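Asks: Sequence first, then the predicted structure, then my questions.
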Amino acid sequence: MVRCRTASVKRVCLSAKLQKAYDKIRDEFTISTEKLKDLTDRFEFEMEKGLLMNRGTIPMIPTWVTDYVTGDEKGDFLAIDLGGTNLRVVSVHLKGSSDFDFEHVKYVLPDSVRKCSCEELWDFIGDSLAEFMQNRYKVTVVQKIIPLGFTFSFPATQGRVNEGVLQRWTKGFDIAGVEGHDVVPLLQNAIDKRALPVKVTALINDTTGTLVASLYSDLETKMGLIFGTGVNGAYYEKASSIQKLLGSLPKEIARDGSIPMAINTEYGAFDNDHTCLPRTKYDIQLDEESPRPNQQSYEKMVAGYYMGEVLRLILLDLHQQGLIFRGQDVSKLSSPFIMDTSYPARAEEDDFCDLCQIYNMMKNTVGIQTTLVERELIQELSRLIGRRAARLSACAIAAICKRINCTTGHCACDGSVFHKYPFFKERAQEALDEILSWNTSRLPPIELVAAEDGSGVGAAIVACLAQNKKLKKHLYQSIL
Ligand SMILES: Nc1ncnc2c1ncn2[C@@H]1O[C@H](COP(=O)(O)OP(=O)(O)O)[C@@H](O)[C@H]1O
């Protein structure tokens, strides 16, 4: 096997009909700088609307985290991080001086958990925590109550830091009896049922966790961003600018323009009213076939849960038009979500002359024997999907930069798509430079930087802030 490719040299040699179909897809998936700038303006407008009242498409959820992290916080804390794909249980030792140690165990969420009963979900979480504590603390009887921060990465409304009322499930979850309920007592109940010495003192989402944990070790951090199963961003807003909170904020905070509050934007919901994103027929099909059509429109075009599915829908469509996989059994390819985002990622990475990795991937998982031309097409389509996702991702980042007048600093990025998808970071950075019209020949003033496993550590840091009573007493009285 010979490696002979570099990422951008390839030109696909297709039949005239297939070429025509491919050209149409390429044009629809290519987003110009002008379009990115328009989308960014629209993003900014929707963010403003979300802070004024709850009518924009971007929820802009106040987190009640009203302190910047200093890096001096100390102590031992636990965290549970419920993402879209994994459950992580984390123990964190904050040492101060921007330094911390942590241990974590990852429990893969079985597919059945996404659509199980409410009780089964909390039992799964409670059992995982119990197992972690059993292994970590072994025979030692834990005398004192350990504060736990819960990273809950779904849109939730918070009236205080230890509350989170689930607005709606996202990322393919569909569990009855949780939407509209506060998930903190549901978790505490699962903990108490197992007699664990743990008190849930804070709830944040993974994005706020990434923001807070990155800030603990890098004071240049301006926002926390997630590119995983879903997408999201968090940043610090002036509390006095959150107009929709003015009735419920204590007067001294409402008046004091210097007090910050972290905002969990939930920007994956951008353009739920379908007015500006350039959706293709595949995006529309994916949306219509999803458990919640017309929700998370932006996320459905850029996030890890969906990129592989977009590739699958295109391939199936081209097959149905008689253009590829002729005479092949496509029954496996017809199963929704059979290809996760590691498929386009691996397809882009295949640098063998005969694209044998794509050959094996298609043969072993969907039972399709591909020709070289088909494999070249799969690679090109993956590039289109990957590049579009990265470029669209930059609009949200640019809008936050513009909103907070940020011209230098770091955007802390977490999630498998950022860490593993080939060229994702470079493509997103390039698009950000285009939108903000920076001279790209020198180091960009706003840099996308990798944040690892911040979401669990961040929850522990917020649990620490709450525990230390550093947060405003009147805002957190129910946990103090
Ligand atoms: N090699 C890869 N490249 C890009 N995305 C990947 C890769 N492997 C898995 N993914 C995607 O990453 C998503 C999971 O993101 P991750 O950040 O690991 O978890 P979560 O968002 O659930 O916390 C899945 O939707 C999956 O499709």
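Replies: Good, I have the coordinates.
Asks: could you pull out the strands for the chain?
Replies: Under the criterion DSSP state E, the chain carries strands at the ranges 61-62, 74-82, 86-96, 99-108, 146-152, 156-157, 165-166, 198-204, 221-227, 231-238, 260-264, 409-414, 446-450.
Asks: Check whether the last one comes near the ligand.
Replies: Looking back up the chat, that one is strand 446-450. No. Using CB under 6 Å from any ligand atom, we find that strand 446-450 stays clear of the ligand, coming within 12.1 Å at best. Where you see a C-beta, it was placed from the backbone N, CA and C, and this is true even at glycine.
Asks: how close does whatever residue of the stretch 51-200 of the chain ends up closest to the ligand get to residue 228?
Replies: Of the residues in the stretch 51-200 of the chain, the one nearest the ligand is residue 83, at a distance of 2.5 Å by CB to the nearest ligand atom. Relative to residue 228, residue 83 is positioned 6 Å away (CB to CB, to the nearest Å).
Asks: Give the intersection of the neighbour lists for the two.
Replies: Jointly contacting residue 83 and residue 228 under the rule CB atoms under 8 Å, 6 or more residues apart in numbering are residue 206.
Asks: ok, the nearest residue to residue 222 once chain neighbours are set aside - how many residues close by?
Replies: Distances taken as CB to CB, 6 or more residues apart in numbering put residue 409 closest to residue 222, at 4.1 Å, once the chain neighbours are dropped. Using other CB atoms under 10 Å as the criterion, residue 409 is surrounded by 18 other residues.
Asks: so what's residue 409 bridging to?
Replies: Listed beta-bridge partners, residue 409: residue 446 (assigned using DSSP bridges).
Asks: Please give me every residue in contact with it.
Replies: Under the criterion of CB under 8 Å, 6+ apart, the contact partners of residue 409 comprise 220, 221, 222, 445, 446, 447.
Asks: can we see that at 10 Å?
Replies: With contacts taken as CB atoms under 10 Å, 6 or more residues apart in numbering, residue 409 has the following neighbours: 218, 219, 220, 221, 222, 223, 401, 445, 446, 447, 449.
Asks: Neighbour-wise, which one of the residues you listed leads?
Replies: Counting neighbours by other CB under 10 Å, residue 223 leads the contacts of residue 409 with 29 neighbours.
Asks: Look at the closest residue to residue 128 other than its chain neighbours and say how many residues are nearby.
Replies: If you skip the residues right next to it in sequence, residue 128 has residue 107 as its closest partner in space, 4.6 Å away by CB to CB, 6+ apart. Burial of residue 107, expressed as a neighbour count using other CB under 10 Å, amounts to 17.
Asks: What is the burial count for the residue of the stretch 101-250 of the chain found nearest the ligand?
Replies: Sorted by distance to the ligand under CB to the nearest ligand atom, the residues of the stretch 101-250 of the chain start with residue 228, at 2.4 Å. Applying other CB under 10 Å, we find 24 other residues in the vicinity of residue 228.
Asks: pretty sure it contacts residue 170?
Replies: No. Distance between residue 228 and residue 170: 11.8 Å, which falls outside the contact criterion (CB atoms under 10 Å).
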